[in-house]
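> have a look at this prediction, sequence included:
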Amino acid sequence: MLKTTVTAVLGLLFILPLQGQRADKFKQLYEEWSTPNVYRNGSGAPGHRYFQQQADYDVEVEVDDENQRIYGSETITYHNNSPDALTYFWLQLDQNIRKPDSDSKKISQSAIKPNMSYEELKRMLNSFEGGYNIDFVTDIDNKPLPYTVVKTMMRVDLPKPLKPGEKYQLKLKWWFNVQNRAEFGGRMGYEYFEKDSNYLYCISKFFPRMCVYNDIDGWQNKQFLGSGEFTLPFGNYKVKVTVPKGHVVAATGVLQNANQVLSNEQRNRLEQTKKSSKPVFIINEAEAKKAESARPTGKSTWIFYAENVRDFAFANSRKFIWDAQGVQFGSRTVLAMSFYPKEGNPLWEKYSTKVVVQTLKTYSKYTFDYPYPVAISVHTNNIGMEYPMICFNGGRPEADRTYSEGTKYGMIGVIIHEVGHNYFPMIVNSDERQWTWMDEGLNTFLQYLTEQEWDKNYPSRRGPAYKIVDYMKSDPRTLEPIMTNSESLVQFGNNAYGKVCTGLNILRETIMGRELFDYAFKTYAQRWMFKHPSPEDFFRTMEDASGIDLDWFWRGWFYGIDYCDQNLLKVTHYNVNTKNPEIEKPIAQELFEKDDKQFIGSIRNRTDSKPSVLEIDAETKDFYNQNQFEVKSIDLKEYQALLNTLNEEEKNLLNNRLHFYELKIENLGELVMPVILSFTFEDSSVQKEYIPAEIWRFDDKVVSKVFWFEKEVVAIALDPNLEIPDTDRNNNYWPQRVVPGRFELFKQQRQRSENPMQREIRLNQDR
């Protein structure tokens with residue numbers, strides 16, 4: 001094998017540290033983090049005076065199926081558990097983002113394209129009359145309370161300060177129009193099924209909700225612009241949902257009046273699900289089809305109760321197929337359930353509830369046992385969205401009931417993700433309005449683990465380090481640190497979902513190891529379940545529970561936008577010079593003859609048939625023209641004299657047969673990461689070496705490291721198993737690798753727009 005090593009002889013081998021300019025990449029985050037206090041301590045745990053508020057709701061809501069409108073009223077009981085007297089309340093009016101004059105519409109950019117579809121132009125021109133219409137705000141005795149609407153928030157002034165330990169009740173009445181999700185988008189809305197003239201409603205943010213008041217910000221006061229989601233206190237909910245008779249309702253909490261809204265057969269089937277190892281239909285497809293065409297008169301009211309939740313959502317339609325399966329957590333049985341129209345089949349009846357079950361099992365393993373009584377997946381025609389105990393998920397087959405692989409895995413992935421949000425942020429209740437990454441990133445990480453437990457070959461979109469490389473080397477003008485407010489993120493998904501998920505995988509697989517990471521992550525989840533953590537609480541807990549200083553990682557990965565590109569700059573192969581002329585001179589001769597750095601003129605002169613003067617006239621030779629590689633007696637005498645001066649240990653060092661390799665590794669990017677190396681030997685065996693990121697602490701540009709082996713190395717690779725997000729792998733190998741590519745020849749033809757299932761059906765029909 002051709003070797004491109006540079007070999008040298010050493011008298012003594014010294015390993016000296018490089019002297020470079022010290023960077024601040026390993027500086028502790030004392031300046032960036034708030035000082036620990038009685039509310040949040042230095043370990044990342046709640047302090048001994050930690051507090052959080054409670055808001056209980058009694059809500060009555062009606063779905064107007066004729067006009068696609070929501071009418072509602074509510075009574076809020078607010079418990080002031082803070083040490084502060086409160087003179088006013090702040091409530092969230094997130095529906096106001098739908099008002100024609102909302103800030104979200106004013107600040108959204110628009111442009112005319114040379115070619116625009118009718119749909120694009122209609123979406124630009126159409127305005128939807130959304131937003132809350134507040135009928136009244138009163139105290140519990142129906143006395144009006146002064147209030148001020150500030151865009152997507154509302155301040156209610158109290159008649160007197162609410163002292164610590166006291167509670168206060170207020171009442172509100174309101175209504176709003178529900179938008180068509182296909183036309184106007186959004187996390188909630190309705191879908192109209194023209195073939196059977198039915199609606200499917202997915203309703204959330206349908207009632208004014210209390211803002212969070214805490215020790216960090218006081219009242220949460222960040223307006224809702226669309227990207228940043230929600231910051232909500234915990235409380236108990238009693239909700240009455242009135243719908244047209246024949247509609248089935250899925251909602252947060254436990255159904256309280258099954259005897260009034262379900263048939264005997266449906267109640268019996270629901271009871272069977274608790275002991276079943278596979279999904280059981282409460283309403284099957286044939287029954288759902290029959291209900292689609294029925295139009296019974298009147299209304300029905302479904303009553304739900306939920307304890308210790310931060311929000312409430314529901315879905316209703318005549319079209320629902322309903323299946324469920326029980327999941328055991330100790331002595332408790334949690335019902336995993338799915339609600340979907342026939343348009344979701346065969347995918348939904350085959351996968352949805354089973355995916356819910358697996359999600360609860362996997363997430364619970366890494367955090368805490370799922371504490372709620374139900375977990376529901378509802379099929380919609382739009383992107384996924386999460387709420388306590390219920391989520392709305394896309395992934396619809398074609399009309400002929402076939403589907404692509406992408407549709408299948410997309411549906412499974414979105415169900416895992418949205419059900420997983422029960423853990424983050426529904427239970428570990430972070431501030432989504434400020435920090436998208438605290439729920440989306442942590443949840444996407446657990447989504448990746450769940451996908452891999454579902455199928456070891458699952459094509460996960462996010463997780464492995466190499467999948468974030470394109471983002472990290474993209475235009476810096478589109479990059480911002482993870483620690484950026486939700487509404488200011490440009491590449492929203494890559495930043496808050498992908499980069500966070502990747503970072504946690506790097507911590508788990510490479511920097512901390514699975515055992516330490518899993519322990520620390522579970523500690524964070526259990527410390528902050530049913531509480532309001534901040535980013536620092538997460539960072540500190542991960543360090544506190546693992547015993548590993550990770551400030552350098554948080555600084556580079558979460559607070560910066562630097563990329564990683566490690567370059568195997570130089571490899572030098574050394575052996576110790578034995579001083580034995582019978583060994584060293586043949587080696588020196590072999591190297592001389594193999595030297596590939598000779599000038600082209602010297603090479604041609606050697607092969608020239610014309611002899612030199614020295615070759616013609618022997619008298620021109622002298623002492624210096626002798627064979628320098630010949631072993632002489634004086635050489636042997638000198639070697640023996642050297643041996644006489646050495647003790648046995650020194651002789652062994654002189655005569656060792658180790659191969660030394662000095663590696664110079666360059667950090668072409670600014671992001672420091674561990675250095676991971678694999679050495680392949682002549683016998684094809686491989687040895688992996690892991691160097692912590694702290695090797696860059698004195699010089700974050702170039703470092704040097706020496707390795708020694710009994711066997712000769714034939715190949716070295718940086719990051720052989722894709723553990724870090726190296727943006728250029730072409731400089732990771734010695735000898736340098738050239739990876740061949742392939743291109744495909746084809747005759748240009750019109751591509752058929754069909755999925756593989758449709759293609760197979762067509763080909764079978766053509767036989």
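On my side now, so go ahead. Residues are numbered from 1 along each chain as shown.

> low pLDDT regions in the stretch 101-250 of the chain?
Scanning the stretch 101-250 of the chain for pLDDT under 70 picks out the ranges 122-123, 126.

> wait, what's in contact with residue 713?
573, 659, 661, 679, 680, 681 (C-beta atoms under 8 Å, 6 or more residues apart in numbering). (C-beta placed from N, C-alpha, C; glycine too.)

> which among these count as buried?
573, 659, 661, 679, 680, 681 (16 or more other C-beta atoms under 10 Å).

> let me know the secondary structure of the residue of the chain positioned farthest from its centre.
For the chain, the residue at maximal distance from the C-alpha centroid (C-alpha atoms, centre = their mean) is residue 619, at 80.5 Å. Recorded secondary structure, residue 619: helix (DSSP: H, G, I helix; E, B strand; the rest coil).

> okay, domains of the protein per the record?
1-29+568-595+651-736, 51-107+117-233, 438-558 (automatic domain parsing).

> most neighbours per residue, which of those domains?
domain 438-558 (a mean of 20; mean count of other C-beta atoms under 10 Å).

> can you count the residues close to residue 366?
By the criterion of other C-beta atoms under 10 Å, residue 366 has 16 neighbours.

> list the contacts for residue 139?
With C-beta under 8 Å, 6+ apart, residue 139 has these contacts: 145, 159, 168, 169, 170, 171.

> repeat the analysis, applying 7 Å as the threshold.
145, 169, 170 (C-beta atoms under 7 Å, 6 or more residues apart in numbering).

> quick one: it and residue 269, what's the gap?
45 Å (C-beta to C-beta, to the nearest Å).

> ok, residue 50 - contacts?
39, 40.

> mind running it again at 8 Å?
Contacts of residue 50 by C-beta under 8 Å, 6+ apart are 38, 39, 40, 215, 531.

> and if you look at residue 404?
Contacts of residue 404 (C-beta under 8 Å, 6+ apart): 755, 756, 757.

> residue 133 now?
Per C-beta under 8 Å, 6+ apart, neighbours of residue 133: 174, 175, 176.

> ok so, going back, per-residue confidence at the residue farthest from the centre of the chain?
At residue 619, the model reports a pLDDT of 81.

> ok so, going back, in strands, which of the contacts of residue 139 appear?
169, 170 (DSSP state E).

> let me know the closest of the contacts of residue 139 to residue 472.
Top of the list for closeness to residue 472, among the contacts of residue 139 and by C-beta to C-beta, is residue 170 at 48.4 Å.

> hmm, residue 142 and the closest one touching each other?
No. Using C-beta atoms under 8 Å, residue 170 and residue 142 do not qualify as a contacting pair, with a distance of 10.7 Å.

> distance check, residue 299 against residue 316.
12 Å.

> same deal with residue 592?
Taking C-beta to C-beta, one finds residue 592 at 87 Å from residue 316.

> report the contact partners of residue 703.
Per C-beta under 8 Å, 6+ apart, neighbours of residue 703: 18, 664, 665, 667, 675, 695, 696.

> which among those gets closest to residue 449?
residue 675 (26.1 Å).

> so what does the longest helix belonging to the chain touch, helix or strand wise?
Taking DSSP state H as the criterion, the chain has its longest helix at helix 347-366. Counting contacts by 3 or more C-beta pairs under 8 Å, 6 or more residues apart in numbering; DSSP states H and E, helix 347-366 packs against strand 321-329, strand 332-340, strand 374-379, helix 405-420, helix 437-454, helix 514-528.

> in a markdown table, list those along with distance to residue 34.
As requested, the helices and strands packed on helix 347-366 are exported to a markdown table (distance: least, C-beta to C-beta, whole Å):
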| stretch | distance to residue 34 |
| --- | --- |
| strand 321-329 | 36 |
| strand 332-340 | 37 |
| strand 374-379 | 35 |
| helix 405-420 | 29 |
| helix 437-454 | 16 |
| helix 514-528 | 16 |
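
> and these: which comes nearest residue 224?
helix 437-454 (15.6 Å).

> tell me what that closest one is packed against?
helix 347-366, helix 405-420, helix 500-506, helix 535-546.

> please enumerate the strands of the stretch 601-750 of the chain.
Using DSSP state E, counting those that start in this stretch, the strands of the stretch 601-750 of the chain run over 659-667, 675-681, 686-691, 702-709, 713-718, 733-734.

> tell me who's in contact with the residue nearest the centre of the chain.
For the chain, the residue nearest the mean C-alpha position is residue 501 (2.8 Å; C-alpha atoms, centre = their mean). Contacts for residue 501 (C-beta under 8 Å, 6+ apart) come out as 441, 444, 445, 447, 448, 462, 463.

> now do the contacts for the last one.
To tie it back to what came earlier, the one meant is residue 463. 444, 445, 448, 451, 452, 501, 502, 505.

> need those in a markdown table (columns: distance to residue 356 and pLDDT).
Shown next, in a markdown table, are the contacts of residue 463 (distance: C-beta to C-beta, whole Å; pLDDT from 0 to 100):
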| residue | distance to residue 356 | pLDDT |
| --- | --- | --- |
| 444 | 18 | 98 |
| 445 | 19 | 98 |
| 448 | 17 | 98 |
| 451 | 14 | 97 |
| 452 | 17 | 97 |
| 501 | 21 | 98 |
| 502 | 26 | 97 |
| 505 | 24 | 98 |
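
> tabulate those (CSV), appending distance to residue 473.
CSV is the format used below for the contacts of residue 463 (distance: C-beta to C-beta, whole Å):
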residue, distance to residue 473
444, 21
445, 22
448, 22
451, 25
452, 26
501, 18
502, 14
505, 19
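
> and which of those residues is nearest to residue 127?
Once C-beta to C-beta is applied, the member of these that ends up nearest residue 127 is residue 444, at 34.3 Å.

> was I right to think the closest one contacts residue 495?
No. Taking contacts as C-beta under 8 Å, residue 444 lies outside contact range of residue 495: 11.4 Å.

> cheers, nothing more for now.
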